[in-house]
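*Asks:* have a look at this prediction, sequence included:
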Amino acid sequence: MTSPADALPDPAFVGTVCVGILAVIVAWDAWWLTRQRLDIPEFGELANSGFAWSSDQATEAQRQWANMISMAAMMVLPWGLKDVSDTPTSYILVWDLLLALHMVSLLIPKRYAVTKTHLFADGQRYEWSRLKLQKRQPKKRIMLLRKNWGPFGPLPLGGNRTDLNTALTRISGFIEEEE
């Protein structure tokens, strides 16, 4: 009689592929995180009605809470499947280490900026034509939606309330101009 593990592909190969993909994702996000200082070197009023601000660790925790819970679940799940899949422990440890590094990067204060043509957030640049404001705005952040992304579209922006109020006024104006 064959066991369920016999029907699965080689666990070392699957582990290598999964850890490799996760390593690329973590490195990609880290690269964009370091890039935000180049895109947004200063805060406050910018030329052409722009505005730049930053968040702090507490607002990033509020902004990223769902991602943090998802990653914690992704760290625990492989341990429950380890014996069934015969996955070597080393792959699960590296997986957990990479996810822990990614979780730490989510809590690093971020830099944001709005200009007449773009939003700068999380090291990325978004054209206003690709974004819309969520109808009901949360009290502790600004919530934008990426058009045509469905449930994967929320783009929350963090920061202190004064900066968020200034940014929301600019964003509203820039999006209206775009339409």
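*Replies:* Sure, I can see it.

*Asks:* can we go C-alpha only for contacts and neighbour counts from here?
*Replies:* Noted.

*Asks:* so where do the strands sit in this structure?
*Replies:* Using DSSP state E, the strands of the chain run over 44-45, 51-54, 111-114, 118-121, 124-127, 131-133, 142-146, 154-157.

*Asks:* got the residue ranges for the helices in the chain?
*Replies:* Taking DSSP state H to define them, one finds helices in the chain at 11-39, 57-85, 89-107, 161-178.

*Asks:* among the ones you listed, which is nearest Asn48?
*Replies:* Asn48 lies closest to helix 161-178 among those, at 10.9 Å (Cα to Cα).

*Asks:* that closest one to strand 142-146, inter-axis angle?
*Replies:* 30 degrees (axes from the mean of the first three to the mean of the last three Cα atoms, to 10 degrees).

*Asks:* any idea of the mean pLDDT in helix 161-178?
*Replies:* Here helix 161-178 scores 90 as its mean pLDDT.

*Asks:* buried residues in it?
*Replies:* Asp163, Leu164, Ala167, Leu168, Arg170, Ile171, Phe174, Ile175 (16 or more other Cα atoms under 10 Å).

*Asks:* tell me who's in contact with Val114.
*Replies:* Gly50, Phe51, Ala52, Phe120, Ala167, Arg170, Ile171 (Cα atoms under 8 Å, 6 or more residues apart in numbering).

*Asks:* ok, it to Gly158 distance?
*Replies:* Distance from Val114 to Gly158, counting by Cα to Cα, to the nearest Å: 13 Å.

*Asks:* so what pLDDT did the closest residue to Pro156 other than its chain neighbours get?
*Replies:* Distances taken as Cα to Cα, 6 or more residues apart in numbering put Met143 closest to Pro156, at 4.4 Å, once the chain neighbours are dropped. Note on Met143: pLDDT of 92.
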